[in-house]
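Visitor: what's the 3D shape of this:
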Amino acid sequence: MCVCVSHTLLVSLSASSTVSISPKHLREVTDPILSLLTPLHKLLYLSELPPSNTLSARRTLILHYKRYLFCGKGSAPELKAELYQLASGSTETLRMFEGGGCGYQGGGTRLVEEALKEMKEVGVVHDALQRDTISYGVLLQVIESLSLECGYYGNISTQKNK
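Guide: Residues are numbered from 1 along each chain as shown. As a prediction, the model looks like this:
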């Protein structure tokens with residue numbers, strides 16, 4: 001953790017140029033980018049897994065979303081905005097279904113329906129059962145459920161212990 005100095009801090013300098021800071025003026029700060037990188041790391045982990053024997057609409061949805069994020073037509077600010085929507089679990093519809101650019105072309109409704117059906121089968125509760133689109137919050141649930149199923153957390157804890 002990093003330590004930040006309060007904006008009302010008075011720093012006393014002595015002849016030896018030593019800075020002393022009262023502990024009451026210190027607080028923990030978190031890295032704001034970490035909340036964006038966590039779902040991105042899971043997304044990339046899931047997209048790099050070897051193919052399974054059974055076709056998974058949830059995994060296909062994740063692969064399409066990864067392609068959408070990194071298609072080359074977007075900018076860094078757009079990527080940041082997209083990751084913020086995902087990390088915050090926004091209720092807005094995924095932009096990749098809006099068409100144009102690197103949007104998902106054709107069959108989007110069928111893919112969404114299949115992914116939602118799979119989510120229902122594995123017991124993931126979500127708010128989109130009656131719609132033909134997926135929000136960022138639902139995609140985040142898809143990523144989380146697949147992360148659990150595919151051993152993401154076991155692999156991460158094993159790597160940290162090395």
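
Visitor: center of the protein - which residue?
Guide: Centroid-nearest residue in the chain, with C-alpha atoms, centre = their mean: Pro39, separated by 2.3 Å.

Visitor: what's near enough to touch it?
Guide: Leu83, Leu86, Ala87, Leu140, Ile143 (C-beta atoms under 8 Å, 6 or more residues apart in numbering). In short, each C-beta sits where N, CA and C put it, glycine included.

Visitor: Using TSV, please lay out the residues you listed together with pLDDT.
Guide: Shown next, in TSV, are the contacts of Pro39 (pLDDT from 0 to 100):
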residue	pLDDT
Leu83	95
Leu86	95
Ala87	95
Leu140	92
Ile143	93
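
Visitor: Any chance of JSON lines for those residues, columns secondary structure and distance to Cys150?
Guide: JSON lines is the format used below for the contacts of Pro39 (DSSP: H, G, I helix; E, B strand; the rest coil; distance: C-beta to C-beta, whole Å):
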{"residue": "Leu83", "secondary structure": "helix", "distance to Cys150": "21"}
{"residue": "Leu86", "secondary structure": "helix", "distance to Cys150": "18"}
{"residue": "Ala87", "secondary structure": "helix", "distance to Cys150": "20"}
{"residue": "Leu140", "secondary structure": "helix", "distance to Cys150": "16"}
{"residue": "Ile143", "secondary structure": "helix", "distance to Cys150": "10"}
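
Visitor: Closest one to Pro32 out of those residues, please.
Guide: Ala87 (10.2 Å; C-beta to C-beta).

Visitor: Thought Ser35 was touching the closest one, still the case?
Guide: Yes. Counting by C-beta atoms under 8 Å, Ala87 touches Ser35, with 5.0 Å between them.

Visitor: So for those two, which sits in the more crowded spot?
Guide: Each of Ala87 and Ser35 has its neighbours counted (other C-beta atoms under 10 Å); Ala87 has more, 18 against 13.

Visitor: The more buried one: what's it in contact with?
Guide: Per C-beta under 8 Å, 6+ apart, neighbours of Ala87: Ser35, Leu36, Thr38, Pro39, Leu140.

Visitor: just those now: which is nearest Leu61?
Guide: Leu140 (11.9 Å).

Visitor: contacting residues around the nearest residue to the closest one once chain neighbours are set aside?
Guide: Spatial nearest neighbour of Leu140, chain neighbours left out: Gly89 (5.1 Å); criterion: C-beta to C-beta, 6 or more residues apart in numbering. Residues near Gly89 by C-beta under 8 Å, 6+ apart: Tyr136, Gly137, Leu140.

Visitor: Please, where are all the helices along this protein?
Guide: Secondary structure of the chain (DSSP state H): helices located at 34-47, 57-69, 76-88, 108-121, 136-149, 152-160.
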